[in-house]
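> Provide a 3D model corresponding to the input given below.
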Amino acid sequence: MGVEALRAAVEADGRARVAATLREAEERAATLRAEADSMASRRRLEVLRREEATLRREPRARVAAAFGEAQRRVLEARTELVERVFEMAGEMAPRLLDSPEARKTLVARVEEALAHLPGSDVVITASSGVARVLEEALAGRVGVRVACDPDLPAGFRAARGDGTLVVDATLPSLLGHHRATLAIELMERIERELAR
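Modelled structure (predicted):
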């Protein structure tokens, strides 16, 4: 074998080794690219899933916040409405004395209060319009006197003469005792009316 053949064999062997090395490098590069692509895809998928979860939560949170705000506003409006109705009731109370039924109811309430105030010295304090009605109804009743207090709200207060027992039947007192129940009943009526 001559030098030429040896050189050709060395070059062929070198080319084969270079080609094998290049193939290995390309295979390794392809493997690394595939791993990198796979890793990048997984990371993109993770990021997309996180973003999707965030995007899904945000509208829910916004809707929940908007719903809460709407409920708060409805509650405030209902409260204002109930307060206004109670104000109007207080303003209308003096005019109720024009009704014979209202006067009978007032006298019946006073009789009820008197039943709870044993003894013979009872003072019934009322505003001027109510006091006039009660003076007529209780005229001649022994141990009961009617006093006028123009600053007293609609209704009356009945008390033993010594002040140890008081029945407060003024409108603010009655509304205060029954406010929650009346507010619920009022809102139910309003909702029924709105549903028609």
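> for the strand or helix carrying Val74, which helices and strands make contact with it?
Of the helices and strands defined by DSSP states H and E, Val74 is found in helix 3-92. Packed against helix 3-92 by the contact rule (3 or more CB pairs under 8 Å, 6 or more residues apart in numbering; DSSP states H and E) you find helix 171-195. All C-beta spots, glycine's among them, are computed from the backbone N, C-alpha and C.
> return the distance of the helix it packs on from the chain's centre.
Centroid separation for helix 171-195 versus its chain: 17 Å, with CA atoms, centre = their mean, to the nearest Å.
> again, but for stretch 124-141
Taking CA atoms, centre = their mean, one finds the center of stretch 124-141 at 44 Å from the center of the full chain.
> let's test this: mean pLDDT of it, rounded?
Confidence for stretch 124-141, expressed as mean pLDDT, is 86.
> pull out the buried positions in it.
For stretch 124-141, burial by neighbour count (16 or more other CB atoms under 10 Å) applies to 124-127, 129-131, 133-134, 137-138.
> could you work out the end-to-end span of that stretch for me?
Using CA to CA, to the nearest Å, the end-to-end distance of stretch 124-141 comes to 12 Å.
> contact partners of that stretch?
With CB atoms under 8 Å, 6 or more residues apart in numbering as the contact definition, stretch 124-141 has outside contacts at 94, 97, 103, 106-107, 110, 113, 144-159.
> any low-confidence regions in the chain?
Applying pLDDT under 70 to the chain flags residues 1, 22, 25, 29.
> Val146 sits in which helix or strand?
Applying DSSP H and E as the criterion places Val146 in strand 144-148.
> so what are the sheet partners of whatever helix or strand comes next after that strand and their directions?
Once the chain leaves strand 144-148, the next helix or strand it forms, by DSSP H and E, is strand 155-160. Within its sheet, and counting by DSSP bridges, strand 155-160 is paired with strand 122-126 (antiparallel), strand 166-170 (antiparallel).
> what packs against the next helix or strand after the helix holding Val74?
As assigned by DSSP H and E, the chain's next helix or strand after helix 3-92 is helix 100-115. Taking 3+ CB pairs under 8 Å, 6+ apart as contact, the helices and strands that helix 100-115 lies on are strand 122-126, helix 128-137, strand 155-160, strand 166-170.
> tell me which of these lies nearest to Met39.
In this view, the helices and strands packed on helix 100-115 are compared for proximity to Met39 by CB to CB, and strand 166-170 is the closest at 80.3 Å.
> now that closest one - C-alpha only, CSV.
Coordinates of each C-alpha in strand 166-170 appear next as CSV, following Å, rounded to 0.1, in the frame of the first residue of the first chain:
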residue,chain,number,x,y,z
VAL,A,166,-95.3,54.5,82.8
VAL,A,167,-96.9,53.1,79.7
ASP,A,168,-95.4,54.9,76.7
ALA,A,169,-97.8,54.6,73.7
THR,A,170,-96.4,57.5,71.7
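> can you check what angle separates that strand from helix 3-92?
110 degrees (axes from the mean of the first three to the mean of the last three CA atoms, to 10 degrees).
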